[in-house]
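Undergrad: Got a sequence here, can you build the structure:
(chains A and B)
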Amino acid sequence: MYELMEKAEIFNVHKMVVSAPDIARSLKPGQFVIVMGDEYSERIPLTVSDWDADTGAITLYVLELGISTLELGRMNVGDSLYAVTGPLGIPSEIKHYGTVALGGGCYGIGGIYPIARACKQAGNTVISIIEARYSSMFYHEKELHAVSDQVLHATSDGSRGKRGKVEDVITEMLENGVKIDQAFFMGCTQMLERCSEATRPYAIPTKVALNSIMLDGTGMCGACRVSIGGETKFACVDGPEFDGHKVDWKELNQRKSAYAEQEAIVYQAYCQGSEVPKFGSA
Amino acid sequence: MELTAKERMKIGRHGMAEQPPDLRNRNFQEVPYGYTPEEAVAEAQRCLSCKEMPCVSGCPVEVPIPEFIALVAERKFAEAAKLIKTKNVLPAVCGRVCPQETQCEEKCVRGKKDARQAVAIGNLERFVADYERQNNLIEVPQIPDRNGFKVAVIGSGPSGLTVAGDLVQLGYEVTIYEAFHLGGGVLVYGIPEFRLPKKIVEAEIQALGHSGVTIRYNSVIGRLYSIDDLFTILGFNAVYVGVGAGLPIFLDIPGKNLNGVFSANEYLTRSNLMKSYLFPGYKTPMIAGKKVAVLGGGNVAMDSARTAIRLGAEKVTVVYRRAREQMPARAAEVHHAEEEKIEFRLLSSPVEIYGNEDGWVTGMKCQRYELGEPDESGRQRPVPVEGSFFEFECDQVLMSIGGQANPLITKTTPDMKVNKWGYIEVDDWGRTSKRYVYAGGDIVTGSATVISAMGAGRRAAKALHEDLAKENAETVTPNWW
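TA: Numbers count the residues shown, from 1 in each chain, chains lettered A, B, ... in the order given. Here you go, the predicted structure:
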């Protein structure tokens, strides 16, 4: 079960194609899975970037962020993941909007692909905007081109496309009078917030895929709770997509940093091969 | 040598030896050590084997209590375990977590004058089940010929395991779908190691596997497959829904989303299922609070408080709105918590959680309550005392104030009726409004006990078998017990 069929490295992102036939059969755009590399691993929520019901393969882009994603990244083709649970979350709402702008950064470059594909199939004009620090960090581009009317780039060093971020591209488009009927954004929280602020003055309906800390993914624990327009919602079962203009970003950022200290301790200890203090050892 | 009733009456109840509080509050090992064979025999001799068997009427799954206790008195421990298993597939679990004091033991005649002198039925059940397991005497039951019908059981908690165990013995091909990577439901994610060692749950699940039940892990029904898919795509003939507790409730007060505020579900799932009490060996992190406030007065609140003290908290305070006598937690658990130096602020309820500028909990403001007129349930209603507040410092708040129904399955099964709270509506035998779909446990009743969920599973298995047998008389033998 869950054998790693294919793997590729894109800087700090690992492409992992995993065998999960049941999941591949039922996945829809915007949904995610929770994976565990081994039985000691954390449960890691990952957006699914592609799937094939015939081969039973699902494609994940794993951003290496902490100990569990580091260990996941060290797995090789032929290894098996301990657990893959999904599909989870409510699928993206796909319909004929008109012109759809999709912005992706980090894992979101791959993550927006199935939404773009479905939007294209639904007859929309699809503009995909992807950001990275420099040009060689882009990936999954051929696929994205195939389902987009236009693919625009933004890089921090200006090595490709616009120097800046997705929101700079969006802002420029809007200033130039490009009509956008629906926006989707996927990436780090800072990017989601900035992009939502860019579309707010133009009142463009904006969906953001939130990535709050999750544990079970079935609504049972509430770790992933977020405030949307003053209401508490669970990203795992009420989301992951929410109205970007209603998200309490400050709270989300605070809650996402909750385990920063523990993560740093265990990551450093792992890299140095040293012991870390255990609970209860006062 | 046969004892007379008078001689039996003279024997006092045997308690179980326990880890001392100041040792156990720093480890996750089980608190009671269990009976020695001698203690078990002596306790069994206290049973008067009354003809009326009031104890059995107090048991939701009708374990033949006097009969198994008589076997213990004869030192036939493995036989006693086998006898229990004809009615209860999880005796090692139930011996530990059942509220015997309000069920079988409450009805025991030995406890008529003094409830503390009831025969220790739970302790004996635990003893024989442990004896059987530890001496490798668990026999794989003979699997009967398959009757050609496939049943899907959703959830591997107490009710799902009961349904699976009953139906596989009747010849059904049973597949359990479990959302997590481990089986057992609340037995693994909710109840801590120090109350129910996980190796016991593992052994029970393994035994079920040996008896022919298939378990599909990481399978969230309602997302991976709908209930209709289970019938149409996977060809199941019937489905049992035992998905358990639902979404946690967060007290709607300022500060509820601060860092350091957890639902008890999250806190316990991290510690128990993900084993973050063994962090960093297991990599799911846990924040070990120094001053921890636990909201609520049920067993889950006690489990949370006692987990916090074991993770190194200096001070753990349980805040409960009503009085001590009204706490839903088992008296024994409250007693254990007190021994472990957990403090109780009764007749108090938080009105605000304070936080610092980085978004972390720093303290709590509570209002004092007093008991007023009895409400319709007969319990005195707690009423806030006007203007009476107090504050205390804490860096972690664990909310254990109940939950609401999980909508994952019900939302994707519109033709299955739910009540106004979202719990599944069933008849007395667990039949839902959808044909060949049955349900039981917390998704029907809301938060309840392990044994009541098992009782519901037992009834649903019976109904399912009767329904299929009635309509398929030529293939299914209605050989129900």
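
Undergrad: Helices of chain A, start to end?
TA: A:21-26, A:67-73, A:108-111, A:113-121, A:141-147, A:166-175, A:189-199, A:235-238, A:249-256, A:260-272 (DSSP state H).

Undergrad: pretty sure residue B:116 contacts residue B:14?
TA: No - counting by Cβ atoms under 8 Å, residue B:116 stays clear of residue B:14, with 11.8 Å between them. In this view, the C-beta of every residue, glycine as well, is placed from N, C-alpha and C.

Undergrad: So which of the two has more stuff around it?
TA: Neighbour count, other Cβ atoms under 10 Å in any protein chain shown: between residue B:116 and residue B:14, residue B:14 has more, with 20 against 11.

Undergrad: For the closest residue to the more buried one other than its chain neighbours, give its distance to chain A.
TA: The shortest distance from residue B:14 to any non-neighbouring residue, by Cβ to Cβ, 6 or more residues apart in numbering or on different chains, is to residue B:43 (4.4 Å). Using Cβ to the nearest Cβ, to the nearest Å, residue B:43 is found at 34 Å from chain A.

Undergrad: Local confidence estimate at residue B:43?
TA: Looking at residue B:43, its pLDDT reads 96.

Undergrad: what lines up beside the host helix or strand of residue B:383 in the sheet?
TA: In the assignment (DSSP states H and E), residue B:383 maps to strand B:380-393. Paired with strand B:380-393 in the same sheet, following DSSP bridges, are strand B:361-374 (antiparallel).

Undergrad: Please identify the buried residues of the partner strand?
TA: For strand B:361-374, burial by neighbour count (16 or more other Cβ atoms under 10 Å in any protein chain shown) applies to B:361, B:363-369.

Undergrad: counting contacts, what elements does the helix or strand of chain A with the lowest mean pLDDT pack onto?
TA: Among the helical and strand segments of chain A, the one scoring lowest on mean pLDDT, DSSP states H and E is helix A:260-272, with a mean of 82. Helix A:260-272 is packed against helix A:67-73, with contacts defined by 3 or more Cβ pairs under 8 Å, 6 or more residues apart in numbering or on different chains; DSSP states H and E.

Undergrad: And for the helix it packs on, what's in contact with it?
TA: Here helix A:67-73 makes contact (Cβ atoms under 8 Å, 6 or more residues apart in numbering or on different chains) with A:9, A:14, A:16, A:35-38, A:41-42, A:44, A:62-64, A:81, A:263, A:266-267, A:270, B:280, B:283.

Undergrad: For PyMOL, write a command that selects the buried ones of the residues you listed.
TA: The buried residues among those can be selected in PyMOL (16+ other Cβ under 10 Å) with this line:
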select buried, (chain A and resi 14+16+35+36+37+41+42+44+62+63+64+81+263+266+267+270) or (chain B and resi 280+283)
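
Undergrad: CA atoms of stretch A:201-210 as PDB?
TA: Output of stretch A:201-210 as PDB, limited to C-alpha atoms (Å, rounded to 0.1, in the frame of the first residue of the first chain):
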ATOM      1  CA  PRO A 201     -10.400  46.900  -3.400                       C
ATOM      2  CA  TYR A 202     -11.800  45.400  -6.600                       C
ATOM      3  CA  ALA A 203     -14.300  43.200  -4.700                       C
ATOM      4  CA  ILE A 204     -13.200  40.200  -6.600                       C
ATOM      5  CA  PRO A 205     -14.600  36.900  -5.100                       C
ATOM      6  CA  THR A 206     -11.500  35.400  -3.600                       C
ATOM      7  CA  LYS A 207     -11.000  31.800  -2.300                       C
ATOM      8  CA  VAL A 208      -7.900  30.900  -0.300                       C
ATOM      9  CA  ALA A 209      -6.900  27.400   0.600                       C
ATOM     10  CA  LEU A 210      -5.900  27.700   4.300                       C
END
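
Undergrad: and stretch A:176-191, anywhere near chain B?
TA: No - on the criterion Cβ under 8 Å from any Cβ of the partner chain, stretch A:176-191 is out of touch with chain B, staying 13.9 Å away.

Undergrad: Measure how far that stretch is from the centre of its chain, please.
TA: Its chain's average C-alpha position is 14 Å from that of stretch A:176-191, according to Cα atoms, centre = their mean, to the nearest Å.

Undergrad: list the buried ones in it?
TA: By 16+ other Cβ under 10 Å, the buried positions in stretch A:176-191 come out as A:180, A:182-187, A:189, A:191.

Undergrad: Contacts for stretch B:350-370, please.
TA: With Cβ under 8 Å, 6+ apart, stretch B:350-370 has contacts from A:250-251, A:254-255, B:251, B:253-256, B:258-261, B:293, B:295, B:319, B:321-322, B:345, B:347-349, B:382-385, B:388-397.

Undergrad: Out of the buried residues of stretch A:176-191, which comes closest to chain B?
TA: residue A:189 (13.9 Å; Cβ to the nearest Cβ).

Undergrad: Now do the same contact list for that closest one.
TA: Counting by Cβ under 8 Å, 6+ apart, the residues that residue A:189 touches are A:210-211, A:249, A:252-253, A:256.

Undergrad: Farthest-apart pair in those, please.
TA: Using Cβ to Cβ, the contacts of residue A:189 span at most 12.6 Å, a distance reached by A:211 and A:249.

Undergrad: So which of those two has more stuff around it?
TA: residue A:211 (25 against 19).

Undergrad: For the stretch 201-350 of chain B, which segments are assigned as helices?
TA: Using DSSP state H, counting those that start in this stretch, the helices of the stretch 201-350 of chain B run over B:227-232, B:264-268, B:299-310, B:331-339.

Undergrad: thinking again about what came up before, what is the nearest of the buried residues of strand B:361-374 to residue A:48?
TA: Looking across the buried residues of strand B:361-374 and measuring by Cβ to Cβ, the closest to residue A:48 is residue B:361, at 35.0 Å.

Undergrad: Let me see the ranges of the helices in the stretch 351-481 of chain B.
TA: Under DSSP H, counting those that start in this stretch, the stretch 351-481 of chain B gives helices at B:408-411, B:442-445, B:450-471.

Undergrad: coming back round to it: what would the contacts of residue A:189 look like in JSON lines with pLDDT and distance to chain B?
TA: Formatted as JSON lines, the contacts of residue A:189 follow (pLDDT from 0 to 100; distance: Cβ to the nearest Cβ, whole Å):
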{"residue": "A:210", "pLDDT": "97", "distance to chain B": "14"}
{"residue": "A:211", "pLDDT": "93", "distance to chain B": "16"}
{"residue": "A:249", "pLDDT": "96", "distance to chain B": "12"}
{"residue": "A:252", "pLDDT": "96", "distance to chain B": "9"}
{"residue": "A:253", "pLDDT": "94", "distance to chain B": "9"}
{"residue": "A:256", "pLDDT": "93", "distance to chain B": "10"}
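
Undergrad: Show me what residue of the stretch 101-250 of chain A gets nearest to chain B.
TA: Counting by Cβ to the nearest Cβ, the stretch 101-250 of chain A gets nearest chain B through residue A:221, at 3.7 Å.
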